[in-house]
Structures are given as structure tokens and as C-alpha cells.
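K.L.:
please work out how this folds:
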Amino acid sequence: MIGTPKSPALDARQFVSSRRWNECDDYALRPVAGVFTDIDDTLTRDGAIEPQALGALHALRDAGVPVIAITGRPLGWSEPFARAWPVAAIVPENGAAALIREGTAVRTEFAQDEPTRVRNARRLREAAARLIAELPGTTLARDSAGRVTDIAIDHSEFAHLDAATIDRVVAIMRAEGMTATVSSIHVNGWFGDHDKLSGARWMVRRLLGRDLDAERERWIYVGDSTNDQAMFGFFPLSVGVANLRNFAAQLRTWPAYITDGERGAGFAEVAQRVIAARR
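P.N.:
Numbers count the residues shown, from 1 in each chain. Below you'll find the model as predicted:
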């Protein structure tokens, strides 16, 4: 389901499948192999990483727990953070690319080959032109210059679109044959069958030579929005930071757990429990 973030009066029944994160048993956390996380409004606030989240990333790295960030943000936007943050990799553009740490360098890889990306680039330009022409008031996200494999329409970062317009953006993207998802700030559209989950599988295979499906109980996913629902449904140890509740009206797949804190503070809660369980 899609729409703009709302803060409705919440009913306890909406959280029947989600427990507080501090109720997660240490026994389930001891064998954790790593952490996947969204970026916007999970680690960051207004585009900047929160101090609690950055401290948590350092603590997880020092404890030997790899962190892989998976985001709808563009490749160009993500590259400085792949160099600066203590993460094993960042997978931008919803699974289409990977920025992999190799010592002090960062290696860029793609899920699609170059001829496919070239063909899709033309189709993306055509789809973007149609959206802007048919839906007055829609604008491409300001980070679009750094995008390689998708387009993003801003609905809540620097512009505002109502729920009906967001629905129409998604409908046009899908009519063009695109995959479309709604994050806390953008509507993203792309050509291809990749997504956050395929990106997670790719990175476990690429970095560790292992099969994520065979060990999904050993990985945690942390997110904040409706476009995290596939990840919430896949990982038994799925966690929503507290601001996920803003999407109560749109969410249909809830994570197993929800933190008390929002954004970076919530991510820090996850890190603290994981590290404590390993001790």
C-alpha cells in the first residue's frame, strides 16, 4: 500500500505481530552474523547520519559484526558514505548497484550489465518526462544527478505530494513496465527484477560466499518505511525503528520487533542488544 506518511491514532491491534525490541531473547541474537539496514530515517535525520547511529556502526564493526546498508538513494549520493562510514558495503538504488569496501578503497559493481543499463537509461528518461508532463507539480528528487539505474520523484523531502498523487506516480511507473516503491521521502522506479532483498542476497554471496536464504535467521534487518516490507517479511529478526509507526495506515507487513527510539537512536538500540548478546 502507498501514500504519504501519517500519524493516525494508533490501535494496539495494528502492532499485534510486532514486539518491543527489548523483548527479543538473547539466545536469538548470539548467532547473528550481520546487520542489514536502510539509511534514510533509519540511520539519518534530514539526510545526515545521527551521532547515535554512527557510534553504533563503529561499535558493531569493532565487535566483528558486518553492517550492509541497502537504500533507495543514488549511487553518487551513497559513495561518500561508503568511504566514510564503517560499513562493509552500501547497496544503493534498491539493489541495482553495490559500493564495496576494499581497504581504504571502494569498488563499484552493478546487478545489470552495461548494455542493459544503457537501454534502460533511455527508458528512464522517457518515463520521467511522462510523469512530469502528466502530473503537474511532480519533480525529480534533488539527488537525481547521482542516479544511474532508476528515477525518483520527491514526495516528502523537499517537495510534498498528497496520497492521491503518489498513487498516480506509482500507477504510471508500473504502466511503463517499471518496479515502483515508496520510501519515506521518494517514489522510486526502475526497470529490472532487483530489489532490496535481491541486493541482500547478492552481498552475502559476494562478500562472504554464503547463501542468505540458508542463514536468514542469523541476519537482522532494520528499516523505517513501507518499502521495507519485503525485508520485514523475509527476516525473522526484522526491526522497525519507532518512526515506522508514521506509516501505520499503509503498512501491511510489520517487522517482528519495533524499537523504542526513532531513527539513529532506534538503530543504536539494535546494536547494543546484538553486541551485549555476543558478550
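
K.L.:
the spatially closest residue to residue 146 that is not a sequence neighbour: which element?
P.N.:
Leaving aside its chain neighbours, residue 146 sits nearest to residue 76 (2.3 Å; criterion: CB to CB, 6 or more residues apart in numbering). Placement of C-beta: from N, CA and C, glycine included. Assigned by DSSP states H and E, residue 76 falls within helix 75-84.

K.L.:
quick check: mean pLDDT across the helix or strand just after that helix?
P.N.:
Next along the chain after helix 75-84, taking DSSP H and E as the criterion, comes strand 89-91. On average, the pLDDT along strand 89-91 is 98.

K.L.:
which residues are contacting strand 89-91?
P.N.:
For strand 89-91, the external contacting residues (CB atoms under 8 Å, 6 or more residues apart in numbering) are 39, 68-71, 78, 81-82, 97-101, 196, 199-200, 202-203, 207.

K.L.:
now the element after it, going C-ward?
P.N.:
Next helix or strand after strand 89-91 toward the C-terminus (DSSP H and E): strand 97-102.

K.L.:
report the strands that pair with the helix or strand following that following strand, each with its relative direction.
P.N.:
Next helix or strand after strand 97-102 toward the C-terminus (DSSP H and E): strand 105-110. According to DSSP bridges, strand 105-110 has the following sheet partners: strand 97-102 (antiparallel).

K.L.:
let me see the contact set for the most centrally placed residue in the chain.
P.N.:
Residue closest to the mean C-alpha point of the chain, counted by CA atoms, centre = their mean, is residue 38 at 3.4 Å. Going by CB under 8 Å, 6+ apart, residue 38 touches 69, 70, 71, 222, 223, 224, 225, 228.

K.L.:
I'd like to know how many residues surround residue 261.
P.N.:
Here the number of neighbours of residue 261 (other CB atoms under 10 Å) works out to 17.

K.L.:
who's the closest residue in space to residue 186 that isn't next to it in sequence bridged to?
P.N.:
Nearest non-adjacent residue to residue 186, counting by CB to CB, 6+ apart: residue 152, 4.2 Å away. Beta-bridge pairing of residue 152 under DSSP bridges involves residue 188.

K.L.:
ok so, going back, and of the contacts of residue 38, the nearest to residue 234?
P.N.:
Distance ranking of the contacts of residue 38 against residue 234, using CB to CB, places residue 228 first at 10.3 Å.

K.L.:
distance of the residue lying closest to that closest one once chain neighbours are set aside from residue 31?
P.N.:
Excluding the flanking residues, the one nearest residue 228 by CB to CB, 6+ apart is residue 38, at 5.9 Å. Residue 38 sits 23 Å away from residue 31 when distances are taken as CB to CB, to the nearest Å.

K.L.:
my guess is residue 200 meets residue 36, correct?
P.N.:
Yes. With contact defined as CB atoms under 8 Å, residue 200 counts as touching residue 36 (5.4 Å).
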